[in-house]
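Enquirer: Here is a sequence with its predicted model. Questions after.
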Amino acid sequence: MCWLTSKPLRAGGRYVIKHTTRSAFARIEELVDRVDVNTFAREPEPSELALNDIGRVTLRTSEPIAFDPYARNRRTGSFILIDEATNTTAGAG
């Protein structure tokens, strides 16, 4: 996931997930790791993702979402997270 807003992403955060034509609520269960874009090293279990950080997260959605690996199908392998309070795109994955 790439984080696109100045408000940091933290575990427990609630967002709207948009995937293809579907929307659902999503909660951040865990921040798995963050990628150092200079060395490509992975930092395990960061406390947050800041603006322009790239990392892996675990999400829990309010409804099941069928998806494909991004490398196989970009349309069904991507999503965005929307901040419920501001309606801005907060992250993309």
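Expert: Perfect, thanks for sending it.

Enquirer: For residue 7, which residues are in contact?
Expert: Neighbour list for residue 7: 83, 90 [criterion: Cβ atoms under 8 Å, 6 or more residues apart in numbering]. For glycine as for every other residue, the C-beta is placed from the backbone atoms N, C-alpha and C.

Enquirer: Now do the SS call for it.
Expert: The three-state label given to residue 7 by DSSP: H, G, I helix; E, B strand; the rest coil is coil.

Enquirer: Could you number the chain from 43 rather than 1 from now on?
Expert: Sure thing, new numbering starts at 43, so read that last one as residue 49.

Enquirer: Let's see the pLDDT reported for it.
Expert: pLDDT for residue 49: 96.

Enquirer: same question, residue 52
Expert: Residue 52 is given a pLDDT of 97.

Enquirer: what do you get for residue 129?
Expert: Residue 129 is given a pLDDT of 95.

Enquirer: likewise residue 98?
Expert: 96.

Enquirer: If it is in a bridge, with which residues?
Expert: In this entry, residue 98 is beta-bridged to residue 75, by DSSP bridges.

Enquirer: Show the contacting residues for it.
Expert: 43, 73, 74, 75.

Enquirer: out of those, which one sits closest to residue 106?
Expert: The closest of the contacts of residue 98 to residue 106 turns out to be residue 43 (Cβ to Cβ; 19.4 Å).

Enquirer: Pretty sure the closest one sits against residue 91.
Expert: Yes. Contact criterion Cβ atoms under 8 Å: residue 43 and residue 91 qualify, at 7.3 Å.
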